[in-house]
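>>> after the sequence you'll find the predicted model.
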Amino acid sequence: MSLSNSTVFMPSMLTLLGIPGLEPVQSWIGIPFCAMYLIALIGNSLLLMVIKLEHSLHEPMYIFLGMLGVTDIALATCIVPKMLGIFWFHAPEIYFDSCLLQMWFIHTLQGIESGILLAMALDRYVAICYPLRHSAIFTHQLVTQIGVVVVLRPAILVAPTLVMIKCRLRFYHTTLISHTYCEHMAIVKLAVGNVQVNKIFGLFVAFTVAGVDLILITLSYLQIFITVFRLPQKEARLKAFNTCIAHICVFLQFYVLAFFSFFTHRFGSHIPPYIHILFSSIYLLVPPFLNPLVYGAKTKQIRIHLVKMLCS
């Protein structure tokens, strides 16, 4: 393999360019991103406080919701501070190993969020389709086991991508990443040589986590809808459906944004790169921002206890 003089061997530093093409307005773009980040932190923190302090909410549905809140805070914090550093303080440099670590955290936390949404869908499936057996099935021991699996599955599956990049990809065309954060494909595209194995493995991990979860979540909600529509009383149907509205809203916004970002990256070659990058950044920030607002507005128990906590 012949290497040009500009090829870099195992760079110690990389440079995140932010949103190339929108440099003049990046400082303005940072304002709504910062506002969304602060709302995500405050909203998810209040959600966690309500769930922790109110013993009546120590049920599987709210425990999973608390896990979702922690994941959202961690995901937003992995991205936004560095992004604002690029936009506002012209600090685009990042250590190579720190970049890999950020990549691992981002993709692992995305996988955890997908797994939590699956756990919540299964919880609602059992609660609506087998209400008399729900407490016997979803014990605290099972919830703990589900939580451990939800965290370990993506953490273990994503880890080999770090090893493959660190050990296999030693030469790089450039150290400039046209992105606001360290994303797997954005790093792989910098490398010299055959990177198909890395790309294929990345797709395998994405399908194994998000693809399988999406299929199981869809099947769960289809069965829930069938069960709900068979209920004889209209009031019972409305009550059962209302318990799922918040979950469906969160599920749709997470996967619709995810697949929109995925397909525009792979098949939207005619779309300007800054559109790809902007939507990828929004996609990661919108779920942490919207989730506490959706659950705060749509979940009566949380709304009541939140008002009680704030007024006391």
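Sure, I can see it. What you see is a predicted model; the values in this text were computed from it and never measured. Numbering: from 1, shown residues only.
>>> where in the chain is pLDDT low?
The chain contains residues with pLDDT under 70 at 1-6, 194, 262-269.
>>> mind listing the strands for this structure?
8-9, 13-16, 93-95, 171-172, 176-177 (DSSP state E).
>>> the stretch 51-200 of the chain: helices as residue ranges?
60-89, 96-129, 134-137, 140-168, 184-188, 196-206 (DSSP state H, counting those that start in this stretch).
>>> tell me the contacts of I51?
Taking C-beta atoms under 8 Å, 6 or more residues apart in numbering, we find I51 in contact with L57, H58, Y62, I63, L65, G66, G69, I302. The C-beta positions use only the backbone N, C-alpha and C, and glycine is treated the same way.
>>> the same query, at a cut-off of 6 Å, please.
Going by C-beta atoms under 6 Å, 6 or more residues apart in numbering, I51 touches L57, Y62, G66.
>>> quickly name whichever of these is closest to E113.
Within the contacts of I51, proximity to E113 (C-beta to C-beta) peaks at G66, which comes in at 13.1 Å.
>>> what number of residues lie near the closest one?
20 (other C-beta atoms under 10 Å).
>>> quick check: it vs K52, distance?
Applying C-beta to C-beta, to the nearest Å, the value for G66 to K52 is 7 Å.
>>> swap in T227?
32 Å.
>>> the more surrounded of the two?
Neighbours were counted for T227 and for K52 using other C-beta under 10 Å; T227 has more, 16 against 12.
>>> in TSV, list the helices of the stretch 51-200 of the chain along with distance to A236.
Formatted as TSV, those follow (distance: least, C-beta to C-beta, whole Å):
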stretch	distance to A236
helix 60-89	18
helix 96-129	10
helix 134-137	16
helix 140-168	26
helix 184-188	46
helix 196-206	39
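>>> closest to Y221 out of those helices?
The nearest among the helices of the stretch 51-200 of the chain, by C-beta to C-beta, is helix 96-129 at 6.3 Å.
>>> buried stuff in that closest one?
96, 99-100, 102-129 (16 or more other C-beta atoms under 10 Å).
>>> same check, this time on stretch 176-189
Applying 16+ other C-beta under 10 Å to stretch 176-189 flags 177-189 as buried.
>>> closest to L75 out of those residues?
Out of the buried residues of stretch 176-189, the member with the shortest distance to L75 (by C-beta to C-beta) is Y181, at 10.7 Å.
>>> near the residue nearest to the closest one when sequence neighbours are not counted, how many other residues are there?
Spatial nearest neighbour of Y181, excluding adjacent residues (C-beta to C-beta, 6 or more residues apart in numbering): I79 at 5.1 Å. If you count neighbours by other C-beta under 10 Å, I79 ends up with 22.
>>> likewise T71?
25.
>>> just checking, it touches I112?
Yes - at 5.1 Å, T71 counts as touching I112 under the criterion of C-beta atoms under 6 Å.
>>> list residues touching both of the two?
Listed as contacting both T71 and I112 by C-beta under 6 Å, 6+ apart is no residue at all.
>>> enumerate every residue touching V195.
V195 neighbours (C-beta under 6 Å, 6+ apart): V188.
>>> ugh, wrong one, I meant L65
L65 neighbours (C-beta under 6 Å, 6+ apart): none.
>>> centroid-nearest residue for the chain?
What sits nearest the mean C-alpha location of the chain, by C-alpha atoms, centre = their mean, is Q110, with 3.3 Å.
>>> quick one: residues contacting it.
Counted by C-beta under 6 Å, 6+ apart, Q110 has zero contacts.
>>> for T243, which non-adjacent residue is closest in space?
Per C-beta to C-beta, 6+ apart, closest to T243 is R124, 6.7 Å.
>>> could you do H247 as well?
In this structure, H247 finds its nearest non-sequential neighbour in M120, 5.5 Å apart by C-beta to C-beta, 6+ apart.
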